[in-house]
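Undergrad: this one's structure only:
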């Protein structure tokens, strides 16, 4: 790569909070804390695998402007839950696999369902 990627390509961000039946209460607490403190779009609870995600989760969609406050909040308050944070550009596969940040354990994503580029 001869030039760095342009961060203007980042439309917004997603955080995926993963949980199991035994950690769902903690995930609910974290969800409540985030909703009360940040202007975000909360996704539905997915009780089973969905898309590239290997286990139950919900999504938090947030604008670039919240990154510097929301991500540190998640890092310090995730209660041992795993959280995937990734940018949203027009390169879905790269966003999830190359440009993602993990808080907690790194989980295997199913890359076969991720598009290389948005149409």
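TA: Cool, the structure landed. Remember, it's a predicted structure, so these values are computed and weren't measured experimentally.

Undergrad: Helices of this protein, start to end?
TA: Assigned by DSSP state H, the helices in the chain fall at 24-37, 67-77, 92-97.

Undergrad: Ranking helices and strands of this protein by mean pLDDT, which lands last?
TA: Least confident helix or strand, the chain: helix 92-97 with a mean of 94, by mean pLDDT, DSSP states H and E.

Undergrad: Quick one: residues in contact with it.
TA: The contact list for helix 92-97 (CB atoms under 8 Å, 6 or more residues apart in numbering) reads 52, 84, 86-89, 109, 111, 114-118. Backbone N, C-alpha and C define where each C-beta goes, glycine included.

Undergrad: Let's have those residues in CSV, adding neighbour count.
TA: Below are the contacts of helix 92-97 laid out as CSV (neighbours: other CB atoms under 10 Å):
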residue, neighbour count
52, 19
84, 22
86, 21
87, 21
88, 18
89, 19
109, 19
111, 12
114, 16
115, 10
116, 10
117, 10
118, 9
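
Undergrad: could you dump those residues to JSON lines with distance to residue 18 and pLDDT?
TA: Output for the contacts of helix 92-97, formatted as JSON lines (distance: CB to CB, whole Å; pLDDT from 0 to 100):
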{"residue": "52", "distance to residue 18": "12", "pLDDT": "95"}
{"residue": "84", "distance to residue 18": "7", "pLDDT": "98"}
{"residue": "86", "distance to residue 18": "13", "pLDDT": "98"}
{"residue": "87", "distance to residue 18": "19", "pLDDT": "98"}
{"residue": "88", "distance to residue 18": "19", "pLDDT": "96"}
{"residue": "89", "distance to residue 18": "22", "pLDDT": "94"}
{"residue": "109", "distance to residue 18": "11", "pLDDT": "96"}
{"residue": "111", "distance to residue 18": "17", "pLDDT": "91"}
{"residue": "114", "distance to residue 18": "17", "pLDDT": "90"}
{"residue": "115", "distance to residue 18": "22", "pLDDT": "82"}
{"residue": "116", "distance to residue 18": "24", "pLDDT": "80"}
{"residue": "117", "distance to residue 18": "26", "pLDDT": "69"}
{"residue": "118", "distance to residue 18": "24", "pLDDT": "58"}
